[in-house]
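Peer 1: Return a 3D structure for these sequence lines:
(chains A and B)
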Amino acid sequence: DTAVSQTPKYLVTQMGNDKSIKCEQNLGHDTMYWYKQDSKKFLKIMFSYNNKELIINETVPNRFSPKSPDKAHLNLHINSLELGDSAVYFCASSQVGGTSGGHNEQFFGPGTRLTVL
Amino acid sequence: DAKTTQPNSMESNEEEPVHLPCNHSTISGTDYIHWYRQLPSQGPEYVIHGLTSNVNNRMASLAIAEDRKSSTLILHRATLRDAAVYYCILRVYNNNDMRFGAGTRLTVKP
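Peer 2: As a prediction, this is how the structure comes out:
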């Protein structure tokens, strides 16, 4: 069973289009994240949701809007795509608190490679 | 945020031990030391974490300096499947904010 899944795996689109990437986790975690990994391979956190509430919102353009319909899903919608949005986007989840002793291991999905032409 | 410094790349021979260093001289008392790795074309995966004492698990060992200003991830017998980028990350207790650096790219030679 896939713990954190993302769809689609590859996404090729034209500049100016609007697209969404879906993420689902079946681990029962209460926190989900979106990360962006650019062409230089730097991995940067974009958003974090805890129990459907936004708790981390890094400096990303407001063209990016995360949507969490429930604890198991965190989708990423991108408006007016630009060339610089081309990257691999990773979704992740973790269980904050509890008996993990601050461990808070994050489980990552396989990534979605977005190419904007 | 406390930062970490790692070598850009390291090489190892298959079935030999690998010691991956990480410097974190500005670490605070509430920072845990976490290690993740990213295999080619995959998302990062958790390896190990610790606070003050050395730690062992099925994947690796973590040796933490007494002053906590540095740590070393130890892979006891490197395999070809261990070729990945290894990230050393400092995280405050129970904080879900995780900041990745450039990491160390480990190459394992047969």
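Peer 1: Tally up the residues packed near residue 92, please.
Peer 2: Unless you meant another one, I'm taking chain A. Residue A:92 has 25 neighbouring residues, counting by other C-beta atoms under 10 Å in any protein chain shown. In short, each C-beta sits where N, CA and C put it, glycine included.
Peer 1: Actually, chain B is the one I wanted.
Peer 2: Residues lying near residue B:92 (other C-beta under 10 Å) number 16.
Peer 1: ok, so what distance separates it from residue A:40?
Peer 2: Using C-beta to C-beta, to the nearest Å, one gets 27 Å for the distance from residue B:92 to residue A:40.
Peer 1: likewise residue B:20?
Peer 2: Distance from residue B:20 to residue A:40, by C-beta to C-beta: 21 Å.
Peer 1: For residue A:77, see how far away the one residue in chain A that gets nearest to chain B is.
Peer 2: Here chain A gets closest to chain B at one residue, residue A:108, 3.0 Å apart by C-beta to the nearest C-beta. As for residue A:108, its distance to residue A:77 is 20 Å (criterion: C-beta to C-beta).
Peer 1: Show me which of those two is the more surrounded one.
Peer 2: residue A:108 (23 against 14).
Peer 1: Look up the closest residue to the more buried one, ignoring the ones flanking it.
Peer 2: If the residues on either side of it in the chain are set aside, residue A:108 comes closest to residue B:43, at 3.0 Å by C-beta to C-beta, 6 or more residues apart in numbering or on different chains.
Peer 1: residue contacts, residue B:86?
Peer 2: B:6, B:20, B:35-37, B:47, B:73, B:103-104, B:106 (C-beta atoms under 8 Å, 6 or more residues apart in numbering or on different chains).
Peer 1: Can you name the residues that contact the residue nearest to residue A:108?
Peer 2: A:4, A:90, A:92, A:108-111.
Peer 1: The nearest residue to residue B:65 once chain neighbours are set aside bridge partners, please.
Peer 2: Nearest non-adjacent residue to residue B:65, counting by C-beta to C-beta, 6+ apart: residue B:71, 6.6 Å away. As for beta bridges, residue B:71 partners with residue B:22, residue B:64 under DSSP bridges.
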